[in-house]
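> Let me see the structure of the following:
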Amino acid sequence: MSGHTPFRKLTQHFTPEQRARIEVGKARLEQEMMTLRELRQARKLTQEALGETLQVGQPAVAKIEKRTDMYVGNLRRFVRAMGGELEIIARFPEGEVRISNFSEIEGEARKDAA
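Residues are numbered from 1 along each chain as shown. Got it, this is the predicted structure:
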């Protein structure tokens, strides 16, 4: 047994009020989220210019922007190419925790590749 419970099973006994609260929260989060394309446009960068910084072609940038899942290292490179820094923060009721080991892993992967 894997020890995993499907989400739909966890939520099957939610009341209509709980489901409504979840939908409101979900809508708020979706409004706060920005796609990579919107972020690039807000930074007034073209796909071509960003591709030059990343040393990839414009089609590769377009493909990255459409992805719904990617490696943290690739996302970090994309954000850095736009002049930013990526931080990963886990939020809990008790407070926030910055997860920093991704940068350590990225550095180790570069050393291993050399």
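
> residue ranges for the helices of this protein, please.
With DSSP state H, the ranges of helices along the chain come out as 7-10, 16-32, 36-42, 47-54, 58-66, 72-81, 101-113.

> contacts for the fifth one?
Residues from elsewhere that reach helix 58-66, judged by C-beta atoms under 8 Å, 6 or more residues apart in numbering: 35-37, 40, 47-48, 50-51, 54, 70, 74, 78. (Glycine included, C-beta is placed from N, CA and C.)

> so which of the helices of the chain gets nearest A90?
Put simply, out of the helices of the chain the one that sits nearest A90 is helix 101-113, at 11.9 Å, with distance taken as C-beta to C-beta.

> where's Q58 relative to L10, distance?
When C-beta to C-beta, to the nearest Å is the yardstick, Q58 and L10 sit 43 Å from each other.

> Of those two, give the one with the bigger neighbour count.
When Q58 is set against L10 and neighbours are counted by other C-beta atoms under 10 Å, the residue ahead is Q58, at 14 against 9.

> could I get the helices of the chain as JSON lines with mean pLDDT and distance to A90?
As requested, those are exported to JSON lines (pLDDT from 0 to 100; distance: least, C-beta to C-beta, whole Å):
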{"stretch": "helix 7-10", "mean pLDDT": "80", "distance to A90": "19"}
{"stretch": "helix 16-32", "mean pLDDT": "81", "distance to A90": "15"}
{"stretch": "helix 36-42", "mean pLDDT": "88", "distance to A90": "21"}
{"stretch": "helix 47-54", "mean pLDDT": "94", "distance to A90": "28"}
{"stretch": "helix 58-66", "mean pLDDT": "93", "distance to A90": "24"}
{"stretch": "helix 72-81", "mean pLDDT": "91", "distance to A90": "13"}
{"stretch": "helix 101-113", "mean pLDDT": "48", "distance to A90": "12"}
